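**Student:** next one to model:
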Amino acid sequence: MSYFYQQPQTDRIYFKGGTALRTLYDSPRFSEDLDFSSSLTSIRPMEQAVLETLAEIERENIHYMKTNEMDFKIGDCVRVRAGIQDPDWDQDLSGWQGRVSSIDHPKRGKPTVIIAWDSVTLRQMSATAIEKCEVDGLDWSEYGLDVDEIESAVCRDTPRDVERAKKEIAKQYRWVYLGDEGKRIQKILAGVDPDDVMRLLDCWEEYYDAMLPSARVGLAQGDMLRWKRCH
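**Tutor:** Numbering: from 1, shown residues only. Predicted coordinates for the structure are as follows:
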């Protein structure tokens, strides 16, 4: 405990509970857990204080074991550990965060945890990564990692926030799965709801009107469609 309270900002972290009472007043109350409360608004300083404390303890040649560090369950909020890279995207995944959506327990080797990215991570993903997933038929909203490549985290949003972000991104990259042709289509239909069929047709009519004016030659005025602007 002395090592812990030598760390920065621990003056705003308060030791409480049965073990605290036992330490201060020789109370018969006792708990295997150490309970704290804090006026800090971020979990990061508290996590850092714990890590620095564990490092100090190890210097005393006292070894510790983290319990349940890999005992994740569906719905848990997790964060990718520092230094983890995606080999396909050449992307640093350090700090990416989401919720556990499924866990694969193979007969041999480490469990694989499927993470559904939270809305903050989804909105920070690069266009290159999303486009690659669309072209390759992969789901950019989730990712699989070995259980020792992630750690517990504090949730930053709600499942509703995630669904909203996914819908917005899906609309933005709706046609990219078609490759270069899809990117051209995306530019033409930018800002149009892909589920609004009539609006899509209006945009295509406007596009062909601009690109192929000769197509109108020979049509009677009464036979011509009134094409609307879509932007």
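
**Student:** quick check: residue 62 vs residue 118, distance?
**Tutor:** 36 Å (C-beta to C-beta, to the nearest Å). For glycine as for every other residue, the C-beta is placed from the backbone atoms N, C-alpha and C.

**Student:** also residue 50?
**Tutor:** 23 Å.

**Student:** of the two, which one has the most company?
**Tutor:** Each of residue 50 and residue 118 has its neighbours counted (other C-beta atoms under 10 Å); residue 118 has more, 24 against 15.

**Student:** pull the contacting residues for that one.
**Tutor:** 77, 97-99, 155-157, 161-162 (C-beta atoms under 8 Å, 6 or more residues apart in numbering).

**Student:** contact partners for residue 4?
**Tutor:** 10, 49-50, 53.

**Student:** so how far is residue 135 from residue 85?
**Tutor:** On the measure of C-beta to C-beta, residue 85 and residue 135 end up 21 Å apart.

**Student:** settle it for me: which of these two has more neighbours?
**Tutor:** residue 135 (15 against 12).

**Student:** give the rounded mean pLDDT of the helix or strand containing that one.
**Tutor:** Residue 135 belongs to helix 127-136 when elements are defined using DSSP states H and E. Model confidence over helix 127-136, given as mean pLDDT, is 82.

**Student:** between the helix or strand following that helix and helix 127-136, how many degrees?
**Tutor:** Sequence order places strand 142-146 as the next helix or strand after helix 127-136, per DSSP H and E. Relative orientation of strand 142-146 versus helix 127-136 (axes from the mean of the first three to the mean of the last three C-alpha atoms, to 10 degrees): 100 degrees.

**Student:** given strand 142-146, what are its sheet partners and their directions?
**Tutor:** Paired neighbours of strand 142-146 in the sheet (DSSP bridges): strand 112-117 (antiparallel).
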